[in-house]
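> coordinates only, sequence not included:
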Ligand code: A3P
Ligand code: MG
Ligand code: MG
């Protein structure tokens, strides 16, 4: 079959997009869902965790051998997210008004594109006025496999140990119930808890870039206190990150570059606080630091040797989404692709009709009833 010609959207340098940002809506959660430790899906907050500070000196390696790792070789498409959206629509008897629906991770890749070289591949399809975007699973599996083959640093650790440290830190920082309802025994035994990354809490928000209304689903690591009574009011979410201790200038610059992704990821779901666990080369937790998401771009602009501008990310994304909406006008499945280091995002059709597996049949069956 002859491949359709690719359309391209240029990723210009920051100069093109540096301006006051386009209006962005504050993300508001309208539904949530959870996966339990066996990856069973449920509507609501079952897997939500509460923050409680970890003990410094903890060994992030502990329990590595017992780690229960979610099998991500199965393509889950947008299924968990669409199930929650359908439940919300059932309750309100109204379809959501989004122009774009995707996982937060896809939007993070797009927002970061002006400043990084990361390749990505996504599938997109227009269904009832909304463009649904999923990760091209086959591509991400290939990319991951290639990354996992690389031995990082001095060769002592495989990539997977670094990843474990991230999940372990989350386990060391959280409780399954608020502080007042959690026993001292639980808190004291957190270091022995078996880490399982199948368990997740996901927030689904309505947000916007310029005139484009976006529905995003993404994992939230924890909450500080409690969800507010008023629907749509800001929620004191917490995001956890681990990073190498900063002992010299070069490491500071490296960390400040990482702040770009931290900021984008948290900005997209309206997570106001990021707690970074700084660890030694061997994975011992040395210190923690709290960052207010909203202050990160300002800090980088004024106090860092690294320069990135959050407005550039927002303006680029606003224009890209407008272009996508003006280009994807009929059915079929489109590929959104960025080759490594490319200064273009390519868009081409991979299926002429239907919606592939991007939109679950169960979701379409629900929409037919609505
Ligand atoms: P760190 O962020 O502390 O490195 P998240 O930060 O999104 O809540 O993810 C939790 C952990 O999952 C990360 O901890 C990291 O260990 C792992 N992880 C997330 N995204 C990853 C990716 N793209 N590649 C490798 N590991 C990833
Ligand atoms: Mg997480
Ligand atoms: Mg995290």
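Good, I have the coordinates. This is a predicted model, so every value here is computed, not measured. Numbers count the residues shown, from 1 in each chain. Ligands and ions are numbered 1, 2, ... in the order given.
> excluding its backbone neighbours, what's nearest the residue of the stretch 251-370 of the chain found nearest ligand 2?
Ligand 2 sits closest to residue 265 of the stretch 251-370 of the chain, with a gap of 8.8 Å, by CB to the ion. For the C-beta atoms, the positions are set from N, CA and C on the backbone; glycine is no exception. Nearest non-adjacent residue to residue 265, counting by CB to CB, 6 or more residues apart in numbering: residue 108, 5.3 Å away.
> would you confirm that that neighbour belongs to a helix?
Yes. According to DSSP: H, G, I helix; E, B strand; the rest coil, residue 108 belongs to a helix.
> quick one: secondary structure of residue 141?
helix.
> an error on my part: the question was meant for residue 316.
Assignment for residue 316 (three-state DSSP): helix.
> right, and ligand 1 sits closest to which residue of the protein?
Nearest residue of the chain to ligand 1, counting by CB to the nearest ligand atom: residue 166, 1.9 Å away.
> so that residue belongs to a strand, correct?
No. Read with three-state DSSP, residue 166 is helix and lies in no strand.
> tell me the predicted confidence for residue 24.
For residue 24, the pLDDT comes out at 83.
> my bad, should have said residue 193
Looking at residue 193, its pLDDT is 95.
> same thing with residue 111?
pLDDT, residue 111: 98.
> can you list contacts of the helix or strand hosting residue 138?
Residue 138 is located in helix 137-149, with elements delineated by DSSP states H and E. The list of residues contacting helix 137-149 from outside it, by CB atoms under 8 Å, 6 or more residues apart in numbering, reads 72-73, 75, 77, 119-121, 158-160.
> what about that helix and ligand 1, any contact?
No. Using CB under 6 Å from any ligand atom, helix 137-149 stays clear of ligand 1, with a minimum separation of 7.2 Å.
> how close does the residue of the chain closest to ligand 1 get to residue 299?
Computed as CB to CB, to the nearest Å, the residue 166 to residue 299 distance reads 23 Å.
> neighbour count: those two, which is higher?
Neighbours per residue (other CB atoms under 10 Å) separate residue 166 from residue 299, with residue 166 holding more: 17 against 14.
> now the more buried one: closest residue in space that isn't a chain neighbour?
Per CB to CB, 6+ apart, closest to residue 166 is residue 242, 5.1 Å.
> name every strand pairing with the strand ranked longest in the chain and say which way it goes.
Counting residues, the longest strand in the chain under DSSP state E turns out to be strand 24-35. Paired with strand 24-35 in the same sheet, following DSSP bridges, are strand 41-43 (antiparallel), strand 200-209 (antiparallel).
> how far away from the center of its chain is the longest one?
Mean-position distance between strand 200-209 and its chain equals 10 Å (CA atoms, centre = their mean, to the nearest Å).
> measure the residue nearest the centre of the chain to residue 186 for me?
By CA atoms, centre = their mean, the mean C-alpha position of the chain lies nearest to residue 105, the distance being 3.6 Å. Noted for residue 105: a distance of 31 Å to residue 186, by CB to CB.
> equivalent analysis for residue 368, please.
Distance from residue 368 to residue 186, by CB to CB: 46 Å.
> and the pLDDT for residue 38?
The model's pLDDT for residue 38 equals 97.
> contacts only, for the nearest residue to it once chain neighbours are set aside.
Leaving out its chain neighbours, the residue that sits closest to residue 38 by CB to CB, 6+ apart is residue 198, at 6.9 Å. By CB under 8 Å, 6+ apart, the contact list for residue 198 reads 35-39, 68-70.
> lovely, talk soon.
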